[in-house]
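A.B. asks: The following comprises the amino acid sequence and a computationally predicted model.
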Amino acid sequence: MWRDAVLVAGKDLRVEVRSRVGINQVIPFAVLVLIVFAFALDSDRATLAAVGPGLFWVTVLFSGLLAIQRSFVIESDDDARDALRLSGLDGGGIFLGKAAAVAAQLVLLEVVLALGVIVLYGVQLRGAAMLLLTCVAATVGLAAAGTVYGVIAAGLRVRDTLLPLLVLPVLAPVLLAAARACEAALAGTPAEGWPWVRMLTVFATIYVTFGVVAFGPLLEEA
Amino acid sequence: MTTKSSPAVRVLGWLSAVTLALTAVMALVVTPGDVNMGDSVRLLYLHVPTAWLAMYVAFGLTTLASALYLWKRTRSRFWDLTAGASAEIGVLFLGLTLLIGSLWGRITWGVWWTWDARLTTTAVLFVLYVGYLAVRKVPASPEVQSRRAAIVAIAAFLDVPIVHYAVEWWRTLHQDASLGSPQRVLDPQITGTMAWTLLLGVVAFTLLYCWLMAHRFRLAWMEDRLADRAMQIAIEERRAEAEVAAS
């Protein structure tokens, strides 16, 4: 399973590196969202710094949706999905591989957005350990749940509209928990943040497990 | 199963109509207004039963039926149709719960909506099951459609406790709860005719649910059979065409 996961993740990341859709479109989109938020709220730095963590995670969520969709669009071109099904790779392995590739892109996205939030919103970084743990747990959760729903919506004509409807309510707790944990870390009150980090870990564990079990059958019929 | 409802279902329909009428009389005429809330308390005789019906009965059955569908030994079209029918009714009644709750909130709290833990959880639950219904409507071969829907139902169910705890913490870790939950306001004063009316409401809506379920399921089952028939007819027509061409 692990070997299969590495193979699939390597393939997905190679496709992304060569096509540069992530770098040329998704990341600029994410930065654009940050700027649009500033237009909508106020250019007042104090306001933006206060709501920074929330806006950061909303942006990650929306841009992450694009990454998830992209992860399955590359499978529908040239019927690559059929090849994947016929490859004899373990279903759980394919899931872990695809989720890992999405997670890697999300990490890159988060680094860029973090810089954006620091530069544009004037957020002061504090509590690095908690911020790091929050990002890791939230990224794993987003990638796992997103991949599960991505494969459900993949191959459908309505996938572009169906995926957000399915995924956003499911990811609501991740958004909530990650934003609160980051707020706590930035405010210098880490004690308030740890329950949220724990919740993110639980969420990630549940959806990774669910994905490993359910992905095989889901891919069969996508 | 016939195309007409059975006598048992018709009796069920009448029973639910009678109990609903009784609930209305009890709620509007017999019970007194509340000391604090006045007449707006009467909305709760609808609010609590619809919430109970949607969240526990309807979505509970959807989850159970989906799990039974996914389990190979009990896999049958029956469970898939049950899950879908129950979720539809659940979404309808959860929508009513939110609507009635909103009206009540406007009168009692002065706002249509507040980000109370319970309200937020309910709203997310509503959207989750709307998504489930959307998945059911996506065309695919029947078996694919059923299995996909069942997995989405289970995944939604997994999310419910997480959402519940997340919003509960959200409200309690930081801000002080400015408004008590409806339950806290209601609980101490609920005795006598008010309690009985509430109980009657729950019974009436449960009967209504059973009746709606019987009809919705029968409809789904007939649609299913119609699709099968149409397919059969189409196949026979093609065969006949082939024979004509061959001769």
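C.D. replies: Good, I have the coordinates.

A.B. asks: what does chain A put close to chain B?
C.D. replies: Listed as neighbours of chain B in chain A under the rule C-beta under 8 Å from any C-beta of the partner chain: A:148-149, A:152, A:156, A:158, A:162, A:165-166, A:168-170, A:172-173, A:176-177, A:180, A:192, A:195-196, A:199, A:202-203, A:206-207, A:210, A:214, A:217-218, A:221. Every C-beta, even on glycine, is put in place using the N, C-alpha and C of the backbone.

A.B. asks: quick one: stretch A:172-180 to chain centroid distance?
C.D. replies: 13 Å (C-alpha atoms, centre = their mean, to the nearest Å).

A.B. asks: Return the distance of residue B:157 relative to chain A.
C.D. replies: 11 Å (C-beta to the nearest C-beta, to the nearest Å).

A.B. asks: quick one: contacts for residue A:51?
C.D. replies: If a contact means C-beta atoms under 8 Å, 6 or more residues apart in numbering or on different chains, then residue A:51 has residue A:41 as its contacts.

A.B. asks: Kindly provide the distance from it to residue A:42.
C.D. replies: Separation of residue A:51 from residue A:42 (C-beta to C-beta, to the nearest Å) stands at 10 Å.

A.B. asks: can you pull out the helices in chain A?
C.D. replies: Along chain A, counting by DSSP state H, helices occupy A:2-19, A:21, A:27-41, A:45-76, A:80-86, A:91-121, A:128-153, A:159-186, A:190-221.

A.B. asks: just chain B next, same as before
C.D. replies: Going by DSSP H, chain B shows helices at B:7-25, B:44-52, B:59-70, B:77-108, B:117-137, B:142-173, B:182-186, B:192-246.

A.B. asks: can you list the ones you listed in JSON lines and add mean pLDDT?
C.D. replies: As requested, the helices of chain B are arranged in JSON lines below (pLDDT from 0 to 100):
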{"stretch": "helix B:7-25", "mean pLDDT": "88"}
{"stretch": "helix B:44-52", "mean pLDDT": "85"}
{"stretch": "helix B:59-70", "mean pLDDT": "90"}
{"stretch": "helix B:77-108", "mean pLDDT": "89"}
{"stretch": "helix B:117-137", "mean pLDDT": "86"}
{"stretch": "helix B:142-173", "mean pLDDT": "79"}
{"stretch": "helix B:182-186", "mean pLDDT": "49"}
{"stretch": "helix B:192-246", "mean pLDDT": "88"}
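
A.B. asks: would you turn those helices into JSON lines with mean neighbour count and distance to residue A:76?
C.D. replies: Formatted as JSON lines, these follow (neighbours: other C-beta atoms under 10 Å in any protein chain shown; distance: least, C-beta to C-beta, whole Å):
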{"stretch": "helix B:7-25", "mean neighbour count": "15", "distance to residue A:76": "45"}
{"stretch": "helix B:44-52", "mean neighbour count": "23", "distance to residue A:76": "41"}
{"stretch": "helix B:59-70", "mean neighbour count": "21", "distance to residue A:76": "26"}
{"stretch": "helix B:77-108", "mean neighbour count": "20", "distance to residue A:76": "26"}
{"stretch": "helix B:117-137", "mean neighbour count": "20", "distance to residue A:76": "18"}
{"stretch": "helix B:142-173", "mean neighbour count": "20", "distance to residue A:76": "16"}
{"stretch": "helix B:182-186", "mean neighbour count": "15", "distance to residue A:76": "47"}
{"stretch": "helix B:192-246", "mean neighbour count": "15", "distance to residue A:76": "27"}
